[in-house]
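[1] sequence and predicted structure, then a few things I'm wondering about:
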Amino acid sequence: MWLIYALLSAIFAGLTAILVKVGVSGISANLATAIRTIVVLIMSWMVVFLAGKPDFTSLSKKNITFLILSGLATGASWLTYNRALQLGPASKVIPVDNLSVVIGMVLAFILLRERVTVPIVIGGALITLGVLVISFNK
């Protein structure tokens, strides 16, 4: 089931990039981020309440701390991504942004102590090579 959600995430992320590229045209990238954030905020709370009664008592201090940090990282990512799309071609910005896959893998190895395997290292290297080929050619 995780694979279906991961593939849907990739589809939505790809669609998001194109929609943002068109949406930031002629306006501040920061304003675009704020508008997107409001939409995500409303949509997220709708899903929380439509899925049933949320159990706020299950939140720990650790949950809250790390979710706040994640939210700050997301905000920084969106702000810089929107600006990059405003300034550069989507076909080059999107692959560079997707280096987040490799960065996330490295952080998972270091911080979460996930197992490093040869196929994962090869895959990460190929993703990095692909980004270099796509984004840094003339």
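    All right, it came through fine. Since we're looking at a predicted model, the values are computed, not measured.

[2] where does pLDDT dip in the chain?
    For the chain, applying pLDDT under 70 flags no range at all.

[3] mind running it again at 90?
    Residue ranges of the chain with pLDDT under 90: 10, 52-55, 134-138.

[4] all helices for it, in order.
    Using DSSP state H, the helices assigned to the chain run over residues 2-23, 29-50, 61-87, 90-97, 100-111, 118-135.

[5] could you list every helix and strand in contact with the shortest one?
    Pointing back at helix 90-97 there. helix 2-23, helix 61-87, helix 118-135 (3 or more CB pairs under 8 Å, 6 or more residues apart in numbering; DSSP states H and E). Every C-beta, even on glycine, is put in place using the N, C-alpha and C of the backbone.

[6] mind checking which of these is nearest Pro95?
    helix 118-135 (4.5 Å; CB to CB).

[7] ok, and what's touching that closest one?
    Contact partners of helix 118-135, identified using CB atoms under 8 Å, 6 or more residues apart in numbering, comprise 91-93, 95-96, 98-99, 101-102, 105-106.

[8] just want the angle from it to helix 90-97.
    Relative orientation of helix 118-135 versus helix 90-97 (axes from the mean of the first three to the mean of the last three CA atoms, to 10 degrees): 150 degrees.

[9] if you count neighbours, what's buried in helix 118-135?
    124, 127, 131, 135 (16 or more other CB atoms under 10 Å).

[10] before we move on, what about stretch 18-32?
    20-21, 23-24, 29, 32.

[11] now it, how far from the chain's geometric center?
    In this view, stretch 18-32 has its centroid 17 Å away from the chain centroid, taken as CA atoms, centre = their mean, to the nearest Å.

[12] for that stretch, measure first residue to last.
    Taking CA to CA, to the nearest Å, stretch 18-32 runs 13 Å from one end to the other.

[13] circling back: tabulate the contacts of helix 118-135 (CSV), appending neighbour count and distance to Pro54.
    Listed next are the contacts of helix 118-135 as CSV, based on neighbours: other CB atoms under 10 Å; distance: CB to CB, whole Å:
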residue, neighbour count, distance to Pro54
Ser91, 11, 40
Lys92, 15, 40
Val93, 21, 36
Pro95, 17, 37
Val96, 16, 36
Asn98, 19, 32
Leu99, 16, 34
Val101, 14, 30
Val102, 16, 34
Met105, 17, 31
Val106, 12, 33
